[in-house]
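Colleague: Here is my input, please return the structure:
(chains A and B)
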Amino acid sequence: MDEFKSGFFVGGESCNGRVLIVDDEPDIRKVVRLTLHKAGYDVLEAENGAKAIDTINSGENRLLLDVIICDIRMPKVNGIEAIAYLRQNYPRVPLIVLTGFPDTDMATSLLRQGVVDYLVKPVEGDKLRASVARAMEQRELAHLS
Amino acid sequence: MISNIPTSGGTRVPSAVPPDAAGHRSDQDGQARMASVMPTPATRVAIIGAGRGGTALLDLLHQLRTIEVVGIADRNPTAPGLQRARELHVPVYERLADLIGNHRVNLVMDLTGDPGMDRTLREHTSGETDILGGPASRLLWDLVRHESALQAELLHSEKLAGIGSFAAGIAHDMNNPLQLILGLAENLVDERDLETVHLQASDIVEAVKRTTAICRDLTSYSRRASSQQDSLIAINGKLDEALKIARYAVALQDIDIHKSYQPDITVKGNPDELLHVFVNLITNAVQAMDHGGTLTLETAVIQGATRVRVVDTGCGIPADVLDRIFEPFFTTKPPGKGTGLGLYNIKNVIHHLHGTIEVESRVGRGSTFTIMFPRETTAESRSSPS
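Modeller: Next comes the predicted model:
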C-alpha cells in the first residue's frame, strides 16, 4: 500500500483526498460528489450513520479516509449518534456537518465536540470545497503531531 | 410523547366519563353514596324554530348528557335544523302542538323570533314547563355563537402553535432540494456536455416542484378551518394526507408504517378539522416511539359505523394520567413543547361530528386511539369526497 499522505495517492490514483458523505438523500450525495470531484476529491457515500460506521471500518478506509461530511437527520443511526461514535473511535478524521436545519445550540455543541465546520444547506460549492480543504489541513496536522 | 411515567397494566377510557362513573365501588356509607350517584333524569327540551339558531342549539344540546332533545318544530319543512335533526335521529314536527302536547317537556326553547310565540307556547304548556324565548333566547343564541367562534379560534391557535414544531422538518425538506438546485446550477455554468446539461436541468425542475409541493401542503394545512358546510371526506385519503403533514413535525424514518384500510369509506364533516385531528394523533403516536416502532393506521366500517384507529407501539400512558388526557391544558410534555390543547380539541372536533374517541394504553407496550363515527355521519355514497 502507498505511504499515507493526504492529497497524493489513493490506491495508486492521484487525488486530493478521500471524503465520505453521509446523507439519507441520494440527491445530496450526488451533488456533493459532483462538487468535490471538481476539486479532485475521491468521494464515498453512506446513506445513514450505521452505513457510515461500516464504511469507515472497512478495508483501507480505516487509514485513507480524510474527511467525513455528515447530515444530522437520518434514519437508523442519526448524525448526532454517528458523530459521537466517530469522534470517539476516529478522533483524527475531521468531521463537517452539512444539515438542512440551522440550530445554533446544536452547532455550538457539535463544534465543542471537535466538528470542524457546521454548514447549512444549501451551501455553495466554493464554500463546501474551502471547508473540506480546511479539514484536510487539520487531518494532515493531526498526522504530523 | 404523552408521558413516560411507569406503571403497569392496560387501561381504557372514553373521552368523557359519565357523571355516575364513580359509583361502582362499595363502601360503608353505601346508601348515602348511592343516592348521590344515582343518574339525574335528563332535562327534556323542545326546540321551536329550526333556522340557524335552532340548528346551532340542537348541535350543542345533543352533545350534553344531561339534556334530552325531545323534538324540534318549524313550520317551514325545508328549515336547515329539521334536516340536521333527522341526521341526529331527533324527532321533527311541523306542528307545535304535536311536539309540546305529546311529551312531558321540562323546557321549551323558542328561537323563532316571533313576538307572538310566547303566548302560543303558554297556551299549549302547563305551569311545570319553563319557556325560554324573546331576549333570553337571543342572548342564548349569542352565547352559542360566541362559544362556537371560541372553539374555532382555539383549534386554529393550537394548530398554529403546533406548526412551530414543523420547523426542523420543513427546513430539512426545503433545504435538501435547494442544495441539489444550487449544486447542479453551479455545475451547469461550466458544463459542456449537452446530455449532462439536459439531465441536470431536468433534476433542477423536479427539485423545484418538490419544494413548491411542500409550500402548498403547509399553506393548505395552516389555513383556518373553513366554515363551509360539512362535506363528504374520504377517510383513507385524509389519513395519508395527515401522514404527509406529520412528517414535518416528527421524524418517521425509524417508524414502520402499517396501513390497514377498508376502501371507499367516507364520513360527513369538516375536512380541515378532521385533517388536524389525524395529524395530531399521528404526531403523538410517533412522539411516543422514541426509539422506533410501528405505527398502524386502520379504517373499517363496523355495523354501519366508521372506525378509525391510530395504534403505536410506544411508551404507553400510565393509568393515572389516562383519565386526564382529554382535559384542556393537561400535558406531560416539557414547558414550551405542548399546549395541552391537542387532545382536548380532537375530542371537541369528534364530538361535533357526533363521534366518540377512546384510548386504550399499556405502559411500555403502546396506545390505541379509536374514533367511531356513527352511522349517520358515515356516508353510504361514494360521490364527491373531498
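Colleague: The residue positioned nearest the centre of chain A pairs with what?
Modeller: The C-alpha lying nearest the average C-alpha coordinate of chain A belongs to A:I68 (Cα atoms, centre = their mean; 1.3 Å). Beta-bridge pairing for A:I68 (DSSP bridges): A:L20, A:L95.
Colleague: wait, it sits on A:I56?
Modeller: Yes: in this structure A:I68 lies within contact range of A:I56 using Cβ atoms under 8 Å: 7.4 Å. Every C-beta, even on glycine, is put in place using the N, C-alpha and C of the backbone.
Colleague: any common contacting residues for these two?
Modeller: The contact sets of A:I68 and A:I56 overlap at A:20, A:86, A:93 (Cβ atoms under 8 Å, 6 or more residues apart in numbering or on different chains).
Colleague: which residues touch stretch B:251-260?
Modeller: A:24, A:73-76, B:169, B:239, B:243, B:246, B:286, B:289, B:291-300.
Colleague: Show me which helix or strand of the chain is least confident by mean pLDDT.
Modeller: Because you didn't say which chain, this covers chain A. One helix or strand of chain A scores below all others by mean pLDDT, DSSP states H and E: strand A:9-10, with a mean of 44.
Colleague: Please refer instead to chain B.
Modeller: helix B:30-37 (a mean of 44).
Colleague: Would you map the strands across chain A?
Modeller: A:9-10, A:13-14, A:17-22, A:41-46, A:67-70, A:95-99, A:117-120 (DSSP state E).
Colleague: worst average pLDDT in these?
Modeller: Across these, strand A:9-10 has the smallest mean pLDDT, namely a mean of 44.
Colleague: Surely B:I170 forms part of a strand?
Modeller: No: counting by DSSP: H, G, I helix; E, B strand; the rest coil, B:I170 is not found in a strand; it is helix.
Colleague: How confident was the prediction at it?
Modeller: 83.
Colleague: what sits against it?
Modeller: Each residue near B:I170 by Cβ under 8 Å, 6+ apart is listed here: B:214, B:218, B:248.
Colleague: So which elements touch the lengthiest helix in chain A?
Modeller: Secondary structure of chain A per DSSP state H: the longest helix is helix A:125-144. Helices and strands touching helix A:125-144, by 3 or more Cβ pairs under 8 Å, 6 or more residues apart in numbering or on different chains; DSSP states H and E, are strand A:17-22, helix A:26-37, strand A:67-70, strand A:95-99, strand A:117-120, helix B:167-190.
Colleague: In TSV: those, plus distance to B:A136.
Modeller: Shown next, in TSV, are the helices and strands packed on helix A:125-144 (distance: least, Cβ to Cβ, whole Å):
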stretch	distance to B:A136
strand A:17-22	69
helix A:26-37	65
strand A:67-70	68
strand A:95-99	61
strand A:117-120	61
helix B:167-190	49
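Colleague: of these, which approaches B:T331 most closely?
Modeller: helix B:167-190 (19.7 Å; Cβ to Cβ).
Colleague: Any buried residues in the closest one, and which?
Modeller: Buried residues in helix B:167-190, counted by 16 or more other Cβ atoms under 10 Å in any protein chain shown: B:168-184, B:186-187.
Colleague: mean confidence score for stretch B:75-90?
Modeller: The average pLDDT within stretch B:75-90 is 86.
Colleague: Low-confidence bits of the stretch 251-386 of chain B, can you list those?
Modeller: Within the stretch 251-386 of chain B, the segments meeting pLDDT under 70 span B:334-339, B:376-386.
Colleague: Spell out which parts of it neighbour chain A.
Modeller: B:251, B:253-254 (Cβ under 8 Å from any Cβ of the partner chain).
Colleague: Please list only the buried members of those residues.
Modeller: B:251, B:254.
Colleague: from the residues of the stretch 251-386 of chain B next to chain A, which is closest to chain A?
Modeller: Comparing these against chain A with Cβ to the nearest Cβ places B:Q253 closest, at 3.2 Å.
Colleague: Where does that closest one sit: helix, strand or coil?
Modeller: Classified using three-state DSSP, B:Q253 is coil.
Colleague: Now B:T43: phi and psi?
Modeller: phi -70, psi 130 (degrees, to the nearest 10).
Colleague: For chain B, just list every one of the helices.
Modeller: With DSSP H applied, chain B shows helices at B:30-37, B:52-62, B:80-87, B:96-101, B:117-124, B:134-163, B:167-190, B:194-222, B:235-249, B:271-287, B:319-322, B:342-352, listed in chain order.
Colleague: wait, which of these is closest to A:A46?
Modeller: Closest among the helices of chain B, using Cβ to Cβ: helix B:167-190, at 16.3 Å.
Colleague: I'd like the strands of chain A as CSV, with distance to B:K259 appended.
Modeller: Converted to CSV, those look like this (distance: least, Cβ to Cβ, whole Å):
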stretch, distance to B:K259
strand A:9-10, 46
strand A:13-14, 48
strand A:17-22, 30
strand A:41-46, 30
strand A:67-70, 32
strand A:95-99, 31
strand A:117-120, 35
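Colleague: Show me how chain B divides into domains.
Modeller: For chain B, automatic domain parsing gives the domain ranges B:10-17+B:228-379, B:43-132, B:164-222.
Colleague: before we move on, back to that, can you select the buried ones among the contacts of stretch B:251-260 for me in ChimeraX?
Modeller: The ChimeraX selection below is limited to those of the contacts of stretch B:251-260 classed as buried (16+ other Cβ under 10 Å):
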select /A:24,73,74,75 /B:169,239,243,246,286,289,293,295,296,297,298,299
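Colleague: what pairs with B:E358 across the strands?
Modeller: Applying DSSP bridges, one finds that B:E358 bridges with B:P14, B:T370.
Colleague: Does it touch B:F369 like I think?
Modeller: Yes: B:E358 lies in contact with B:F369 (Cβ under 8 Å); the separation is 7.4 Å.
Colleague: With neighbour numbers in mind, choose between those two.
Modeller: Counted by other Cβ atoms under 10 Å in any protein chain shown, B:E358 and B:F369 do not tie: B:F369 has more neighbours, with 24 against 14.
Colleague: OK, contacts around that one?
Modeller: B:281, B:285, B:309-311, B:357-359.
Colleague: of all those, which comes closest to A:K121?
Modeller: B:A285 (28.9 Å).
Colleague: count of residues packed around the spatially closest residue to that closest one that is not a sequence neighbour?
Modeller: Residue nearest to B:A285 in three dimensions, not counting chain neighbours: B:D312, with 3.7 Å by Cβ to Cβ, 6 or more residues apart in numbering or on different chains. Neighbours of B:D312 under the rule other Cβ under 10 Å: 25.
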